[in-house]
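>>> The sequence and its predicted three-dimensional model are supplied below.
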Amino acid sequence: MAMPFREACPENVAGLVPTDNSAPHKEDLSCKIKEQKVVVDELSNLKKNRKVYRQQQNSNIFFLADRTEMLSESKNILDELRKEYQEIENSEKNKIKK
């Protein structure tokens, strides 16, 4: 099985922990948003009879998952990431105005 191509996203972007310096966090969020968009697109374009597996956290074990549940969950994660990104942008705009 081929490994997915990772463009400009660093490997250490696992957590969404806010930092004092919002620029690196904003870049990390942007990267995670791009990744999540790909996940949503891939799940959306799967045929109905295809199987989807979810990886157990901190493990190499995969479990069979429901495609529609995974799609819904992925969309929710994408929405949360976008909301957090928008909050950072709004706070930056407010700092500039002051």
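Cool, got the structure.
>>> Now name the helix or strand holding Ser59.
For Ser59, there is no host helix or strand (DSSP states H and E).
>>> what phi and what psi does the backbone show at it?
In terms of degrees, to the nearest 10, the main-chain angles of Ser59 are phi -150, psi 170.
>>> and if you look at Ala65?
Ala65 adopts backbone torsions of phi -130, psi 160, taken as degrees, to the nearest 10.
>>> That one reaches Gln55, doesn't it?
No - taking contacts as Cβ atoms under 8 Å, Ala65 lies outside contact range of Gln55: 9.7 Å. Where C-beta positions appear, they are placed from N, C-alpha and C, glycine not excepted.
>>> More neighbours: the two, which one.
Ala65 (14 against 11; other Cβ atoms under 10 Å).
>>> how far away is the more buried one from Gln86?
29 Å (Cβ to Cβ, to the nearest Å).
>>> Tell me where the chain has helices.
Taking DSSP state H as the test, the helices found in the chain are 22-44, 67-97.
>>> Format those as CSV; extra columns: distance to Asn60, mean neighbour count and mean pLDDT.
Formatted as CSV, those follow (distance: least, Cβ to Cβ, whole Å; neighbours: other Cβ atoms under 10 Å; pLDDT from 0 to 100):
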stretch, distance to Asn60, mean neighbour count, mean pLDDT
helix 22-44, 19, 15, 92
helix 67-97, 19, 13, 92
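>>> Save the ones you listed as TSV, and put in distance to Ser59 too.
Shown next, in TSV, are the helices of the chain (distance: least, Cβ to Cβ, whole Å):
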stretch	distance to Ser59
helix 22-44	19
helix 67-97	17
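>>> how much space is there between Lys51 and Ala65?
9 Å.
>>> Repeat that for Lys95.
41 Å.
>>> same deal with Val39?
13 Å.
>>> and if you look at Lys34?
Separation of Lys34 from Ala65 (Cβ to Cβ) stands at 22 Å.
>>> now swap in Lys75 and tell me
15 Å.
>>> my read: Leu64 touches Arg50, true?
No - checked against Cβ under 8 Å, the pair Leu64 and Arg50 is beyond contact range at 11.4 Å.
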